[in-house]
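Peer 1: how would this look folded up:
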Amino acid sequence: MSASLPPTASLNPAFVALLRALPKAELHCHLDGSLRPGTLLALSEARGITLPFHEPAALAKWMRVDDAHNLEEYLARFEITLAVMQTAEEIERIAHELVLDAALDGVRYVEVRFCPALNMREGLTGDDVMNAVIRGLRRGEKETGTVARCIVCALRSFPWPHSMDMAELAVAYKNNGVVAFDLAGGEFGNPAHAHAAAFEYARNNNLAVTVHAGEGDGAESIHEAVHRCGANRIGHGTRLQEDPSLEAYIVDRGIALEVCPTSNVQTRVAPTFGEHPMRRYLALGARITVNTDNTMMSGVTLTEEFTACAQWLGWDFATLCTVSLNAFDAAFLPLAERTVLRAKAAREMAQLATDVPSLFLAEEPVE
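Peer 2: Model (predicted):
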């Protein structure tokens, strides 16, 4: 099966518009995977980089990764975007535009993650990268009202002391835009415990942590993320069902899962959207959140992810509201700020719900 999103023609267009208006929070979005196609073209041309397509729509289609056999092949496409993310001006523009696009999609809060080491190939320092991203996010927040924060990632495949360097950088900006520390990159063969000291440093400095796990490797990877790295949330967590005891532990303790369903189909960790285990996890009471992962490489907006959940999983508007509120609840914001955002979102959802009775699926959801 193609990894593309399911067709949405069978959904009432008004229902899709309702989901776009639904206040949403995005907790798992990579900066270097979420460029505008037109911006990638413009920045590449300015650098003299030749891309195979010179029209944004064609380039967007080419950048969407539908032919990967695993996570590593999916990640290979990032070298194209990173080539135009090596100056402060480039990075700030991309961060700024990400917030603008998120706001247009009904996203009221977004956490943008990135590994600063990947933006230091042409002489930028870690501080240069951090300040460029934060400037871009703040510009977007000021212009749209969408609250934007960032998560600093270390990469599993990079040797020590890379992860400690990234953890120290994250902590240095803890009160200046950074809300968490993360571990990303190729998962299989790169265990999280090798970076346990970096996570201990982050936690000891009262910084929240999340870990990519259960995507490119099995439930044991999730176990390490929780018990060796102290993860407050899990990035993906798709293969959690492989360990029922761990699954129960995570459900019981409300450890949120940052689910990225379209991306999971692309990396072959989920056979199809309709077979994604997040339906099981939600039924068990897990704190499920839905995210894009990478708007460019996955070719999807958060509204389209929610639309696909209605189409393939049969989730009604009330369920989608619950999933959206889960993301506000799991946000790495201070409690007072989180509470205000969530309350506002809940009020808007209640108002939107008055339109729901007339908006039905034109046919039964695809199983």
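Peer 1: next, residue 235: secondary structure please.
Peer 2: strand (DSSP: H, G, I helix; E, B strand; the rest coil).
Peer 1: correct me, but it touches residue 216?
Peer 2: No - here residue 235 lies out of contact with residue 216, judged by CB atoms under 8 Å, at a distance of 11.0 Å. In this view, the C-beta of every residue, glycine as well, is placed from N, C-alpha and C.
Peer 1: what does the strand or helix carrying residue 319 rub up against?
Peer 2: Using DSSP states H and E, residue 319 sits within helix 317-330. Applying CB atoms under 8 Å, 6 or more residues apart in numbering, the external contacts of helix 317-330 come out as 15, 18-19, 22-27, 109, 233, 256, 282, 287-291, 306, 309-310, 315, 338, 341-342, 345-346, 349, 352-353, 356, 359.
Peer 1: how about 6 Å then?
Peer 2: Applying CB atoms under 6 Å, 6 or more residues apart in numbering, the contact partners of helix 317-330 are 24-25, 27, 256, 287-290, 306, 341-342, 345, 349, 356.
Peer 1: so residue 258 is in which element?
Peer 2: Per DSSP H and E, residue 258 falls inside strand 256-259.
Peer 1: and the very next helix or strand once past that strand, how far out from the chain's middle?
Peer 2: Later in the chain than strand 256-259, the nearest helix or strand by DSSP H and E is helix 261-266. Distance of helix 261-266 from its chain centroid, counting by CA atoms, centre = their mean, to the nearest Å, is 12 Å.
Peer 1: tell me the mean pLDDT over the helix or strand following helix 261-266?
Peer 2: Using DSSP H and E, the helix or strand that follows helix 261-266 in sequence is helix 278-284. For helix 278-284, mean pLDDT is 97.
Peer 1: from the contact counts, what lies against helix 278-284?
Peer 2: If you count contacts as 3 or more CB pairs under 6 Å, 6 or more residues apart in numbering; DSSP states H and E, helix 278-284 packs onto strand 288-290.
Peer 1: so what are the sheet partners of the strand it packs on and their directions?
Peer 2: Within its sheet, strand 288-290 is paired with strand 256-259 (parallel), according to DSSP bridges.
Peer 1: residues contacting the partner strand, please?
Peer 2: For strand 256-259, the surrounding residues in contact (CB under 6 Å, 6+ apart) are 27-28, 233-235, 237, 278, 287-291, 330.
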